[in-house]
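Engineer: from the sequence below, what's the structure:
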Amino acid sequence: MNGTAYIFLNRLGAAGLGHVGCAFLLRNGMMRCTSTENQAGNAYSSAAYKGFWTEDCPNNFAAIVRTFQRKRSLSIPAGAKDKNGWPMNPGQGSTWYSAPYTEWKRLDVSQVDPEQATRMMLKRSKEGYSITDRNCQNDVYDILHDEGSGYGITANRFASSIYVGWVQSAFGPNAWFDGHIGASAHGYL
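Structural biologist: Residues are numbered from 1 along each chain as shown. All right, here's what the predicted structure looks like:
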């Protein structure tokens, strides 16, 4: 199956390091949009409080943008613990909101496996957040890439101009988006 994937960036997210989310084409023609928002900005969070969301929408650009620009809230109750069992800080007893995305890249790709991308998305949704190795950037990478590992959207074999580079090779989503993700198209919101 040939397909399309998007990576959305909030360049101002994570104190200027950036924040990313992604969307990918399903076999039924819909787009599956997803992100780990971490609205509270915690370094570590249990899966329940990392702000993960997923939503399917029609495969037209306006609907995809509306889905990503929708303000999403995350309420963290008093006494909430992070993924390591420590009290959530910041965040306890507060409601946090997502910030708007600022730009996007489209990847037109071949040999996609949306079922496997969905399985990876669901797996990552159940894992706690860690600023060093399980963050929004890691989640998007794991959902969209396939470098012989057998899962996700294959962006590497389509053309040399499209590449979802190894996530640890760039410090922060802005650097990763700018330097390690080739695209069929790019734009600002």
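
Engineer: would you mind listing the buried residues in the helix ranked longest in the chain?
Structural biologist: Ranked by residue count and defined by DSSP state H, the top helix of the chain is helix 114-125. Of all the residues in helix 114-125, those buried under the rule 16 or more other CB atoms under 10 Å are 114, 116-118, 120-121, 124. For the C-beta atoms, the positions are set from N, CA and C on the backbone; glycine is no exception.

Engineer: all helices of the protein, in order?
Structural biologist: With DSSP H as the criterion, the chain has helices spanning 61-69, 114-125, 136-144, 173-180.

Engineer: on that earlier part again, closest one of the buried residues of helix 114-125 to Ile76?
Structural biologist: Arg124 (19.8 Å; CB to CB).

Engineer: looking at it, that closest one is touching Thr36, isn't it?
Structural biologist: Yes - here Arg124 lies in contact with Thr36, judged by CB atoms under 8 Å, at a distance of 7.4 Å.

Engineer: what's the overlap in contacts for the two?
Structural biologist: Here Arg124 and Thr36 have 52, 139 as joint contacts, going by CB atoms under 8 Å, 6 or more residues apart in numbering.

Engineer: ok, Tyr97 - contacts?
Structural biologist: 39, 71-74.

Engineer: those residues: which two are farthest apart?
Structural biologist: Lys71 and Leu74 (11.0 Å).

Engineer: what about the two, which has more around it?
Structural biologist: Neighbour count, other CB atoms under 10 Å: between Lys71 and Leu74, Leu74 has more, with 21 against 9.

Engineer: what sits against that one?
Structural biologist: Counting by CB under 8 Å, 6+ apart, Leu74 has contacts 37, 39-40, 49, 51, 95-98.

Engineer: I'd like the helices of the chain as CSV, with distance to Gly187 and mean pLDDT appended.
Structural biologist: Formatted as CSV, those follow (distance: least, CB to CB, whole Å; pLDDT from 0 to 100):
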stretch, distance to Gly187, mean pLDDT
helix 61-69, 9, 98
helix 114-125, 23, 93
helix 136-144, 18, 93
helix 173-180, 13, 92
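
Engineer: so which of the ones you listed gets nearest Gly18?
Structural biologist: helix 173-180 (3.4 Å).
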